[in-house]
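Student: give the three-dimensional model of this entry:
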Amino acid sequence: MRIFAISGSASEKGSNYFLLEAMKVVFEGEHEIHIFDALADFPLFSPKRLEHEIPEIVKDFKKQVLLADAIIISTPEYTHNIPAVLKNMIEWCTHSGEFEHKPVLPITFTPHEPRGEYAMQSLLFSLNAIDANVIVQIPLYKTDVEITNELIILSEATKEVLVAAFELL
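Tutor: Residues are numbered from 1 along each chain as shown. Just a heads-up that it's a prediction; the model follows:
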């Protein structure tokens with residue numbers, strides 16, 4: 001399966017990126033996972049911008065969404081919400097339909113429980129608005145993984161949760 005994994009963080013190569021990299025390792029040979037970590041490079045969306053040429057980065061992103069069999073979005077929680085860069089990406093895709101009926105696995109990856117609940121709620125509202133097919137949602141916490149430098153090692157329990165979720169995609 002071709003999976004497009006989106007790091008919803010405003011930080012390039014942040015912990016959500018490294019979580020997706022760890023998932024890529026777990027599913028190597030089973031699924032093709034392409035990670036997108038450049039939401040901060042998207043221009044700010046406004047409806048007026050749709051009247052002009054869509055920026056190349058946005059066009060390339062939309063193409064990757066369309067080519068994917070499924071989407072993973074991993075996000076931190078910023079001030080009880082999703083990061084502005086993630087909301088901006090969703091707004092770029094609102095009227096064009098790339099996410100319509102596309103299987104999506106939303107993940108919140110935050111320091112500890114219960115952080116991430118508000119971000120997940122916000123993300124689900126937005127995914128519903130663009131008619132994405134949310135298969136299952138997964139809250140993950142940094143206390144569930146081992147972080148060494150820029151490497152995340154998933155626990156066996158976390159791997160089992162992810163394997164079960166991928167079976168639903």
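Student: contacts for the least confident helix or strand in the chain by mean pLDDT, please.
Tutor: Among the helices and strands of the chain, strand 145-148 carries the lowest confidence by mean pLDDT, DSSP states H and E, at a mean of 90. Identification of contacts with strand 145-148 by C-beta atoms under 8 Å, 6 or more residues apart in numbering yields 15, 18-19, 22, 152-155, 158. C-beta coordinates here come from the backbone N, C-alpha and C atoms, glycine included.
Student: in strands, which of the residues you listed appear?
Tutor: Using DSSP state E, 152-154 are the members of these that sit in strands.
Student: just the strands in the protein please.
Tutor: Listed in chain order (using DSSP E), the strands of the chain are 2-7, 32-36, 70-75, 103-110, 133-134, 138-141, 145-148, 151-154.
Student: which of those has the lowest mean pLDDT?
Tutor: Set side by side, these differ in mean pLDDT, and strand 145-148 is lowest with a mean of 90.
Student: for it, list the C-alpha coordinates in PDB.
Tutor: Output in PDB follows, covering the C-alpha atoms of strand 145-148 (Å, rounded to 0.1, in the frame of the first residue of the first chain):
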ATOM      1  CA  VAL A 145       8.400   5.300  23.000                       C
ATOM      2  CA  GLU A 146      12.100   5.500  23.500                       C
ATOM      3  CA  ILE A 147      13.700   8.700  22.200                       C
ATOM      4  CA  THR A 148      17.400   8.700  21.600                       C
END
